[in-house]
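Visitor: Return atomic coordinates for the entry below.
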Amino acid sequence: MKLTIFKYIFHEIWPTFIASLLVFIFIVLAARMLNIAEWVVNHGVPVTKVAQMIYYLLPGMVLFALPAALLMAVFVAFHRLSSDNEIQALQSSGISLYQMLPPVLAVSIGGVILALFLALAAAPWGNRSFKDLIFQVANSKADLGIRERVFSEPFDGITFYINSFSSRQRIMKDVFLVDNRDPALTNTIVARQGKIFSNSRAKTIMVHFIDGTIFMVDKNLDNVRTIKFKTYDLSIGLKDIMSPLSSRKREPKEMYLGELFKRVKDIPPGEPKHNEMLIQLMERFAIPLAVFLMGIIGAPLGAQIRSRGRILGIVVSLAIFVVYYVFLAGMRSVGETGALSPSIGPWLPDVFLLISCLWLLKRAGKERPISFLDRFLAFQEH
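Guide: Reported below is the predicted structural model:
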């Protein structure tokens, strides 16, 4: 009998979970696509590269959406059972809400396992691969942006004008370049020849000039210097290509667990970088725990709210999800400053979820509805 009930509840949860996860991923992807679309429209990046970018971003997006999707799936399932009086029928047969929780526990534990895999392995790999791919695209971005006898700006703050360009050898002839990246100085380079190189390790692109002159002019036009050269190298960092990827070193979100442990040990406590690394390390485990707690919260919350309407599940789940991530972001900011221990801050949102979970389960065990929320929803319906 109970096995049949468990299967029934499980089949109520998983379709909503899959649909919710896909919707949340689409929303997050739509926000990221605004940035990626600029590369396609302005610089002609191939669609295959865009597909690779999305593939590498997917683990991080799934990890972000997982808590909300699981909460929404469980809440909607139990809210429907409550609205159709199926939970009341089961309780009248001697089956309490606690006895209906095994399917929820199974789904929540599955969510934790998936979240741990994403947080510890897939998301760092995706972030690292995405950054490497961006550099590969940026490495060919000059080829895509530079045109013969046309003023072009393949990199922010750098304008090219060349007489001829060999895309295969990456050799430019009769080069005129204006570098406006320095807010206090404008560098104008005129050279007989230039060639583009890349340094994948340092995540930089190098333009090697031969036989030319550099004109250095202050922004206020107070000082002008002229330098003639036989060879000159102009470095273009990743920050000049895409500002969110400005770091030439691996960011904490790109590091695996062992790398984070090592960096936390190497950097003296109290320094901002140490706090940032420690917060990232704690979040690798705090977010999977939040996935589990949100799954459990959905059952008593959905069962105790009597108002009808599937849209209610979406609204309530999103509200809890937003509160959690705002709380987490706040603790992250405070922890980075050192005002709160970075080893404690990431866990406080989970403490909030745990207290909420225990309170809701206690009320559900006594079959006491959340009266203030029911009254508010009833008022909204009228």
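Visitor: As a check, name the ranges of all strands in this protein.
Guide: Secondary structure of the chain (DSSP state E): strands at 152-155, 158-166, 171-179, 185-199, 204-218, 224-237.
Visitor: In TSV: the ones you listed, plus mean pLDDT, mean neighbour count and distance to residue 26.
Guide: All C-beta spots, glycine's among them, are computed from the backbone N, C-alpha and C. Converted to TSV, these look like this (pLDDT from 0 to 100; neighbours: other Cβ atoms under 10 Å; distance: least, Cβ to Cβ, whole Å):
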stretch	mean pLDDT	mean neighbour count	distance to residue 26
strand 152-155	76	18	32
strand 158-166	87	17	36
strand 171-179	92	19	40
strand 185-199	88	17	34
strand 204-218	90	17	34
strand 224-237	89	13	33
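Visitor: closest to residue 75 out of those?
Guide: Set against residue 75 and scored by Cβ to Cβ, the strands of the chain come closest in strand 224-237, at 46.6 Å.
Visitor: Summarise which helices and strands that closest one is packed against.
Guide: Helices and strands touching strand 224-237, by 3 or more Cβ pairs under 8 Å, 6 or more residues apart in numbering; DSSP states H and E, are strand 185-199, strand 204-218.
Visitor: Tabulate these (a markdown table), appending distance to residue 137.
Guide: A markdown table is the format used below for the helices and strands packed on strand 224-237 (distance: least, Cβ to Cβ, whole Å):
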| stretch | distance to residue 137 |
| --- | --- |
| strand 185-199 | 11 |
| strand 204-218 | 11 |
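Visitor: sorry, back to before: make TSV from the strands of the chain and add distance to residue 115 to it.
Guide: Below are these laid out as TSV (distance: least, Cβ to Cβ, whole Å):
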stretch	distance to residue 115
strand 152-155	38
strand 158-166	42
strand 171-179	45
strand 185-199	36
strand 204-218	35
strand 224-237	34
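Visitor: closest one to residue 335 among the ones you listed?
Guide: Among the strands of the chain, strand 224-237 sits nearest to residue 335 (Cβ to Cβ), with 28.8 Å.
Visitor: relative to strand 204-218, how tilted is the closest one?
Guide: 160 degrees (axes from the mean of the first three to the mean of the last three Cα atoms, to 10 degrees).
Visitor: what's the angle from strand 224-237 to strand 185-199?
Guide: 30 degrees.
Visitor: Which residue ranges make up the domains of this protein?
Guide: Segmentation of the chain into domains, based on automatic domain parsing, reads 2-138+250-381, 157-240.
Visitor: how close does the nearest residue to residue 77 once chain neighbours are set aside get to residue 25?
Guide: Nearest residue to residue 77 in three dimensions, chain neighbours excluded: residue 12, at 3.8 Å (Cβ to Cβ, 6 or more residues apart in numbering). Residue 12 sits at a distance of 22 Å from residue 25 (criterion: Cβ to Cβ, to the nearest Å).
Visitor: Thought residue 59 was touching residue 118, still the case?
Guide: Yes: here residue 118 reaches residue 59: they are 5.1 Å apart, a contact under Cβ atoms under 8 Å.
Visitor: higher neighbour count, the two?
Guide: Each of residue 118 and residue 59 has its neighbours counted (other Cβ atoms under 10 Å); residue 118 has more, 25 against 21.
Visitor: how near is the more buried one to residue 111?
Guide: 10 Å.
Visitor: re earlier: out of the strands of the chain, which gets nearest to residue 67?
Guide: That would be strand 224-237 among the strands of the chain, by Cβ to Cβ, at 35.7 Å.
Visitor: starting at the chain centroid, how far to the closest one?
Guide: Distance, stretch centre to chain centre, for strand 224-237: 38 Å (Cα atoms, centre = their mean, to the nearest Å).
Visitor: So what angle separates the directions of it and strand 158-166?
Guide: Using the same axes, to 10 degrees: strand 224-237 against strand 158-166 is 80 degrees.
Visitor: count of neighbours near the residue nearest to residue 77?
Guide: The tally of other residues near residue 12 (other Cβ under 10 Å) stands at 18.
Visitor: My guess is it contacts residue 79. True?
Guide: No: at 10.1 Å, residue 12 and residue 79 do not qualify as touching, with contact defined as Cβ under 8 Å.
Visitor: Can you check which residues contact both of those two?
Guide: Counting by Cβ atoms under 8 Å, 6 or more residues apart in numbering, residue 12 and residue 79 have no shared contacts at all.
Visitor: Now tell me what touches stretch 270-290 from outside.
Guide: Residues outside stretch 270-290 that contact it (Cβ under 8 Å, 6+ apart) are 63, 67, 111-112, 115-116, 119-120, 252-253, 255, 257, 260-261, 263-264, 267-268, 324, 328, 332, 335-338, 342-343, 345-347, 349-350, 353.
Visitor: swap the cut-off to 7 Å and go again
Guide: 63, 67, 112, 115-116, 119-120, 252-253, 257, 260, 263-264, 267-268, 324, 332, 335-336, 338, 342-343, 345-347, 349-350, 353 (Cβ atoms under 7 Å, 6 or more residues apart in numbering).
Visitor: What subset of those residues is buried?
Guide: Buried by 16 or more other Cβ atoms under 10 Å: 63, 67, 112, 115-116, 119-120, 252-253, 260, 263-264, 267, 324, 332, 335-336, 342, 345-347, 349-350, 353, out of these.
Visitor: Which ones among those residues map onto helices?
Guide: The helices, defined by DSSP state H, take in 63, 67, 112, 115-116, 260, 263-264, 324, 332, 335-336, 349-350, 353 from these.
Visitor: quick one on the thing from earlier: nearest to residue 74, of the strands of the chain?
Guide: strand 224-237 (46.4 Å).
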